[in-house]
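Engineer: for reference, the sequence and a predicted model appear below.
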Amino acid sequence: MYDPKSLKAEEFISHEEILETLDYAEKNKNNVELIDEIIKKAESLKGLTHREASVLLACDIPEKIQELYSLAEKIKKGFYGNRIVMFAPLYLSNYCVNGCTYCPYHLKNKHIARKKLTQEEVKKEVVALQDMGHKRIVIEAGEDPVNNPIEYILECIETIYSIKHKNGDIRRVNVNIAATSVDNYRKLKEAGIGTYILFQETYHKESYEMLHPTGPKHDYAYHTEAMDRAMDGGVDDVGLGVLFGLERYKYEFAGLLMHAEHLEAAKGVGPHTISVPRIKAADDIDPSTFANGIDDEIFAKLCALIRVSVPYTGMIISTRESQAVRENVLRLGVSQISGASRTSVGGYQDEERPTDTEQFDVSDQRSLDEVVRWLMDMGYIPSFCTACYREGRTGDRFMKLLKSGQIHNCCQPNALMTLKEYLMDYASEETKKVGQTLIEAELDRIPMEKVRLICEDHLNKIEEGIRDFRF
């Protein structure tokens with residue numbers, strides 16, 4: 001029985017409800033009257049149910065799809081303005097005991113090099129990231145209770161936060177590790193993590209169990225209920241995601257929105273972020289062997305629909321995707337992107353990009369400076385801001401500010417000040433010129449005059465060498 005308030009995975013992600021939803025969507029995909037009602041509801045910025053959104057996903061009427069894209073762009077600008085948050089992944093270890101058939105870290109892969117960073121190597125990776133200009137990272141590790149216990153993860157977090165190199169520091173550590181216990185989530189919270197991220201991979205239980213034939217990740221319910229345990233452990237911000245290409249995209253989309261609805265119903269606050277990865281080639285992984293791959297057009301439509309359905313959530317796209325694909329979906333809803341990512345364990349220390357321990361092929365291999373300048377050339381503000389997390393604006397407090405529109409009085413000046421830091425400390429001369437022009441133009445868009453004047457003063461002080469101002 002479908003129940004979004006239930007704490008049981010097969011009740012808040014109901015297979016029968018998804019099948020009924022997909023049938024309803026198919027029957028109504030040309031019902032213009034209903035489609036117009038759904039789009040009108042989305043315009044109210046209250047979001048859509050999984051069933052309403054699935055009707056729009058099934059719809060193939062060109063003018064209605066264009067209406068959807070225009071609305072997604074409007075909602076994105078309304079909640080997030082033209083700011084794009086920057087981050088990078090940091091791979092700590094590729095030791096893993098699971099048998100996931102889509103990941104090269106699976107236990108049976110005997111020819112991939114296995115590696116686990118020492119704390120000294122973690123320091124070197126962090127310094128390399130700081131030398132690029134990164135302030136926000138997400139740590140990644142395979143599931144291995146012997147090689148990667150929670151104590152190792154906590155030690156790495158402590159090391160990361162301790163490194164102050166020149167003007168660099170990592171101000172927010174997000175965590176993407178395997179589902180764990182309430183007690184361990186409490187330890188992560190106490191260690192000062194930002195968002196806990198866990199991809200469901202697929203919401204189709206039968207497919208999930210086939211794709212995870214061995215290892216603790218085989219347990220569908222334990223994995224799917226992880227976000228509830230994380231919130232019970234005090235983690236305010238959680239990030240959802242599926243790996244598009246493993247199952248039928250319409251099924252995954254409905255399940256993803258049902259998970260967001262469940263968090264709202266059961267915990268009072270929805271996902272802080274939703275990620276949209278697609279399966280990519282890797283060491284012994286051929287994505288063509290998976291029958292459910294999606295093309296760029298469907299991918300763009302999914303991004304737009306996530307934005308109108310869950311308007312308040314941050315949406316993340318990684319360097320899995322090409323520059324062209326990332327450029328297209330930025331306007332449709334994406335608010336966070338990675339830059340200069342390396343998906344190898346220890347990959348940032350080497351001048352040449354290592355591939356021997358990569359989790360997946362990186363499509364966008366540009367430097368952070370190139371990505372920052374590219375964003376600014378399109379009129380976006382690359383933001384290295386971590387202020388909300390450090391000011392306690394997390395969970396429902398953050399969502400209330402975001403939904404009310406008051407967040408702009410924090411986010412706009414914080415974005416400009418962190419961009420100014422990047423320009424002063426790390427940018428090439430060309431990027432610095434473009435950025436300074438952008439900052440001068442964007443200052444006028446800060447809603448409150450008092451905040452704008454304080455921001456101008458802080459920007460001048462950043463010129464003088466003072467760092468880390470925030471609202």
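Structural biologist: Received, thanks.
Engineer: where does the protein dip in pLDDT?
Structural biologist: 354-357 (pLDDT under 70).
Engineer: name the residues linked to the spatially most central residue of it by a beta bridge.
Structural biologist: By CA atoms, centre = their mean, the chain has its centre lying nearest to Ile316, at 3.4 Å. Taking DSSP bridges as the rule, Ile316 bridges to Ser275, Gln336.
Engineer: how close does it sit to Glu247?
Structural biologist: Going from Ile316 to Glu247 by CB to CB, to the nearest Å gives 20 Å. C-beta here means a position set from N, CA and C on the backbone, and glycine is covered the same way.
Engineer: can you pull the contacts of Asp228?
Structural biologist: Residues in contact with Asp228 (CB atoms under 8 Å, 6 or more residues apart in numbering) are Leu7, Leu263, Ala266, Lys267.
Engineer: which ones among those map onto helices?
Structural biologist: Among these, the ones falling in helices (DSSP state H) are Leu263, Ala266, Lys267.
Engineer: can I get the buried part of the contacts of Asp228 as one PyMOL selection?
Structural biologist: Burial among the contacts of Asp228 is assessed by 16 or more other CB atoms under 10 Å; the matching PyMOL selection reads:
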select buried, resi 263+266+267
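Engineer: got a markdown table for the contacts of Asp228, with distance to Arg278 too?
Structural biologist: Below are the contacts of Asp228 laid out as a markdown table (distance: CB to CB, whole Å):
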| residue | distance to Arg278 |
| --- | --- |
| Leu7 | 30 |
| Leu263 | 24 |
| Ala266 | 29 |
| Lys267 | 28 |
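Engineer: Val138 should be in a helix, yeah?
Structural biologist: No: the assignment for Val138, made by DSSP: H, G, I helix; E, B strand; the rest coil, is strand rather than a helix.
Engineer: what ranges do the strands span in this structure?
Structural biologist: With DSSP state E as the criterion, the chain has strands at 83-93, 136-141, 164-165, 168-169, 172-176, 195-197, 237-241, 273-275, 314-317, 336-338, 381-383.
Engineer: so Lys124 makes contact with Asp350?
Structural biologist: No: in this structure, Lys124 is not within contact of Asp350 by CB atoms under 8 Å, at 10.3 Å.
Engineer: who has more neighbours, the two?
Structural biologist: Taking neighbours as other CB atoms under 10 Å, Lys124 and Asp350 compare with Lys124 leading, 15 against 11.
Engineer: okay, now the closest residue to the more buried one other than its chain neighbours: neighbour count?
Structural biologist: Nearest in space to Lys124, with sequence neighbours left out and distances taken as CB to CB, 6 or more residues apart in numbering, is Gln349 at 5.0 Å. Per other CB under 10 Å, the neighbour tally for Gln349 reads 14.
Engineer: let me see the contact set for Gln349.
Structural biologist: Taking CB under 8 Å, 6+ apart, we find Gln349 in contact with Glu121, Lys124, Glu125, Ala128.
Engineer: how close does it sit to Glu121?
Structural biologist: From Gln349 to Glu121 the distance is 7 Å (CB to CB).
Engineer: how about Lys77?
Structural biologist: Lys77 is 41 Å from Glu121, where distance means CB to CB.
Engineer: and if you look at His458?
Structural biologist: Distance of His458 to Glu121, given as CB to CB: 35 Å.
Engineer: what does Tyr348 give?
Structural biologist: As judged by CB to CB, Tyr348 and Glu121 stand 10 Å apart.
Engineer: residue contacts, Ser428?
Structural biologist: Ser428 sits next to Asp369, Arg373 when contact means CB under 8 Å, 6+ apart.
Engineer: do that again at 7 Å, thanks
Structural biologist: Asp369 (CB atoms under 7 Å, 6 or more residues apart in numbering).
Engineer: what's the answer for Tyr312, then?
Structural biologist: Contacts of Tyr312 (CB under 7 Å, 6+ apart): Phe79, Gly270, Met399, Leu402, Lys403.
Engineer: just checking, the first one touches Val308?
Structural biologist: Translated: Phe79. No: counting by CB atoms under 7 Å, Val308 is not a contact partner of Phe79; they are 11.1 Å apart.
Engineer: which of these two has more residues huddled nearby?
Structural biologist: A count of neighbours by other CB under 10 Å puts Val308 above the other of Phe79 and Val308, at 28 against 21.
Engineer: what sits closest to the more buried one if chain neighbours are left out?
Structural biologist: Closest residue in space to Val308, ignoring its immediate chain neighbours: Ala42 at 4.3 Å, by CB to CB, 6+ apart.
Engineer: from the contacts of Tyr312, which is closest to Leu375?
Structural biologist: Closest to Leu375 out of these is Phe79 (17.9 Å), distances taken as CB to CB.
Engineer: more neighbours, Tyr348 and Glu121?
Structural biologist: Neighbour totals were compared for Tyr348 and Glu121, and Tyr348 leads with 24 against 16 (other CB under 10 Å).
Engineer: what sits closest to the more buried one if chain neighbours are left out?
Structural biologist: Ala128 (3.9 Å).
Engineer: gap between the one you found and Leu90?
Structural biologist: Relative to Leu90, and taking CB to CB, Ala128 is found at 10 Å.
Engineer: compare those two and say which is more crowded by neighbours.
Structural biologist: Neighbour count, other CB under 10 Å: between Ala128 and Leu90, Leu90 has more, with 29 against 22.
Engineer: pretty sure that one contacts Glu125?
Structural biologist: Yes: using CB under 7 Å, Leu90 is in contact with Glu125, at 5.9 Å.
Engineer: overlap in contacts of these two?
Structural biologist: With CB under 7 Å, 6+ apart as the test, Leu90 and Glu125 reach no residue in common.
Engineer: you'd agree Thr159 is up against Glu120?
Structural biologist: No: if you go by CB under 7 Å, Thr159 and Glu120 don't touch, sitting 9.0 Å apart.
Engineer: hang on, the earlier thing: check contacts around the residue nearest to the centre of the chain.
Structural biologist: Ile316 neighbours (CB under 7 Å, 6+ apart): Thr273, Ser275, Gln336.
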